[in-house]
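Asks: just to be clear, the model below is a prediction. Sequence and coordinates:
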Amino acid sequence: NEFIETAMNGKVVSNVLLGQRSFDLVVRLDEPYRTDYANLHRLSLDLPDGGRVPLSAVAKIYEGGGPNTINRENVRRRITIRVNTSGRDLGSAVAAIQAAVREKVRLPEGYFVQYGGQFEAQQEATRRIALLSGVSLVGVFLCFCLAELAAAFPDRAGGLPSYAFETFKPWGDGASEHIGGLSSWAYWLGWFTVAPINAYLAALYITDLFGIPLGGTYGPISDKFGSAWSVGVLVTAAVVLIVMFIPGWLGIRLGATFATILGIGSIIPLVLIIILPFFHPSSIDFGNIQLGTLPDGVTGSWQLILGWAFIFTWTVWAMEAAACYIGECREPARDAKIAMTAEGLFGLFIYIALPVMLLAVLGNAGFAELGSGDANVVFLGYVDKIFGANEFWKWFVGLALVAALLLSVLNALIGASRGLWQNSVDGVLPKTFGRTNSHGSPSTAIILSLIASLLVLLVGSPLQIYVFSNMGYLFALSVALVGFGVFQIGRAHV
């Protein structure tokens with residue numbers, strides 16, 4: 001009712017000017033009358049037919065308590081209770097609160113309790129570790145499967161696509177050629193794009209470490225695709241691609257040697273980063289790690305699992321990269337299983353131990369303080385928490401990350417090109433991809449991979465490149481696993 005609303009809350013009817021200032025003129029009952037609950041019921045209400053009734057005829061007037069504001073989230077009312085912990089870890093404090101609430105609190109129908117804030121973020125982080133561990137185990141299983149294929153076909157080069165061509169032969173030559181061809185292009189799409197992504201990331205660290213001028217800004221290539229980045233980083237990334245192309249052009253064996261050097265330069269620092277906290281045990285708090293259930297209000301589903309696994313698999317399943325170099329082993333039939341098994345198990349160790357130690361040292365609060373998920377920022381914050389800020393660790397972490405990224409760029413150029421070459425030799429792809437130079441390197445294929453990498457580099461958005469790279473890579477992996485099943489069934493019948 002407009003009369004009651006005006007009487008109690010007031011209504012702006014005009015403005016009052018006082019010099020250059022303007023004030024609303026509000027009409028309402030004076031304060032003593034608005035708090036006179038004994039007489040408010042006598043206020044009259046006009047009826048549509050012209051009659052009048054007292055307020056007490058349609059409402060009960062009394063003084064009561066309630067929230068001065070009502071907050072909502074997901075179209076539901078929300079009341080927030082904030083607490084801080086002192087003298088104990090966050091996980092045990094929340095566990096005690098949850099136990100007390102379950103025992104002593106009886107919520108009305110439609111009410112529920114959700115534990116958020118740092119605790120919710122910590123649960124999210126630990127749940128990621130659990131999911132990543134599971135995906136890592138799948139990656140190890142993939143390595144075991146490919147190790148057996150590599151031992152069965154020791155003369156094959158180029159990784160997954162070359163095995164697809166061989167393993168699907170029981171289905172007929174036509175099926176083998178078509179499936180092998182699709183797998184080859186999908187693998188190339190998923191693999192070569194690793195080069196520009198990691199060249200871009202390496203360029204970011206190189207320009208920061210060595211103080212290379214960033215120059216102007218380039219991009220994005222369109223309003224809906226790509227992102228803007230500095231010309232200095234763009235040029236540095238292009239130089240990285242060209243420099244990593246050289247050992248690949250000079251021969252697969254030389255490329256494998258460079259990969260070994262870069263691998264040692266990145267593996268040793270990674271292992272050291274994992275064990276460094278044990279030199280300062282006080283920096284470790286395993287209470288930061290809780291592999292619990294989903295937070296209240298979050299429903300587990302296959303969409304949730306696939307959403308997280310989509311990004312994890314791109315990295316974890318790349319442990320199969322050793323398959324591209326099996327042909328360079330001294331005794332491929334013997335060394336294939338050793339190489340693939342060792343890579344799979346070491347990958348499992350790294351992908352589980354590294355995030356566990358990062359959480360144990362930094363905790364959710366430490367990650368929040370860093371304000372960035374960039375690897376260089378995270379690792380520097382990690383070692384600073386252990387030893388304190390030091391220029392040595394800046395270079396140690398930075399150079400280790402650059403070495404790992406350069407290794408990935410080199411592997412991508414060689415591995416993607418090797419896959420095209422092998423399928424060309426098999427007659428699945430055009431013969432031009434089967435050409436080699438005087439060093440035995442797949443010349444046409446590796447030039448195509450370099451040119452495509454330089455073009456993709458212009459997109460300037462690693463996240464968008466990741467998406468279509470992952471689609472191609474997962475398709476090739478799926479084909480390889482199905483092919484392994486076909487191969488096993490055929491061998492069992494023999």
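Replies: It's in.
Asks: leaving out the residues flanking it, which one is nearest to F286?
Replies: Once flanking residues are discounted, F286 sits nearest to A360: 5.2 Å by Cβ to Cβ, 6 or more residues apart in numbering. For every residue, glycine as well, the C-beta is placed using N, CA and C.
Asks: now do the helices in the stretch 151-300 of the chain.
Replies: Under the criterion DSSP state H, counting those that start in this stretch, the stretch 151-300 of the chain contains helices at 160-167, 173-192, 194-210, 231-249, 252-275.
Asks: how about the second one: buried residues?
Replies: In other words, helix 173-192. Buried residues in helix 173-192, counted by 16 or more other Cβ atoms under 10 Å: 176-177, 179-192.
Asks: residues in contact with that helix?
Replies: With Cβ atoms under 8 Å, 6 or more residues apart in numbering as the contact definition, helix 173-192 has outside contacts at 158-162, 164-166, 168-169, 171, 314, 412-413, 415-417, 419-420, 423, 426-429, 449, 452-453, 468-476, 479-480, 483.
Asks: what stretches of the stretch 301-450 of the chain score poorly on pLDDT?
Replies: Residue ranges of the stretch 301-450 of the chain with pLDDT under 70: 301-329, 333, 364, 372-373.
Asks: all helices for it, in order.
Replies: 302-316, 332-370, 375-387, 391-425, 443-457.
Asks: please work out which of those helices is packed deepest.
Replies: Mean neighbours per residue, mean count of other Cβ atoms under 10 Å, is largest over those for helix 391-425, with a mean of 23.
Asks: just how off-centre is that helix within its chain?
Replies: 20 Å (Cα atoms, centre = their mean, to the nearest Å).
Asks: related to what we said a few turns ago, just the helices of the stretch 151-300 of the chain: most buried one?
Replies: helix 160-167 (a mean of 27).
Asks: average pLDDT for that helix?
Replies: Taken as a whole, helix 160-167 carries a mean pLDDT of 80.
Asks: got it, and stretch 266-278?
Replies: On average, stretch 266-278 scores 88.
Asks: what does stretch 108-126 give?
Replies: Averaged over stretch 108-126, pLDDT sits at 76.
Asks: rewinding a little: could the helices of the stretch 151-300 of the chain be laid out in JSON lines, adding distance to Q98?
Replies: Below are the helices of the stretch 151-300 of the chain laid out as JSON lines (distance: least, Cβ to Cβ, whole Å):
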{"stretch": "helix 160-167", "distance to Q98": "46"}
{"stretch": "helix 173-192", "distance to Q98": "43"}
{"stretch": "helix 194-210", "distance to Q98": "41"}
{"stretch": "helix 231-249", "distance to Q98": "47"}
{"stretch": "helix 252-275", "distance to Q98": "32"}
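Asks: and of those, who's closest to A99?
Replies: helix 252-275 (34.1 Å; Cβ to Cβ).
Asks: which residues touch the closest residue to A237 other than its chain neighbours?
Replies: In this structure, A237 finds its nearest non-sequential neighbour in A203, 3.9 Å apart by Cβ to Cβ, 6+ apart. Residues in contact with A203 (Cβ under 8 Å, 6+ apart) are V233, L234, T236, A237, V240.
Asks: what average pLDDT does stretch 463-479 get?
Replies: So the average pLDDT for stretch 463-479 ends up being 79.
Asks: so which bits of it are buried?
Replies: Neighbour-count burial for stretch 463-479, counted by 16+ other Cβ under 10 Å, picks out Q464, I465, Y466, S469, N470, G472, Y473, L474, F475, A476, L477, V479.
Asks: now flag whichever of those is closest to F119.
Replies: Distances from F119 to the buried residues of stretch 463-479, taken by Cβ to Cβ, are shortest for Y466, at 29.9 Å.
Asks: circling back to that earlier point, the residue nearest to A237 and L214, how far apart?
Replies: From A203 over to L214 the distance is 10 Å, taken as Cβ to Cβ, to the nearest Å.
Asks: which ones are touching the nearest residue to T444 once chain neighbours are set aside?
Replies: Residue nearest to T444 in three dimensions, not counting chain neighbours: R435, with 4.7 Å by Cβ to Cβ, 6+ apart. Neighbouring residues of R435 by Cβ under 8 Å, 6+ apart: P442, S443, T444.
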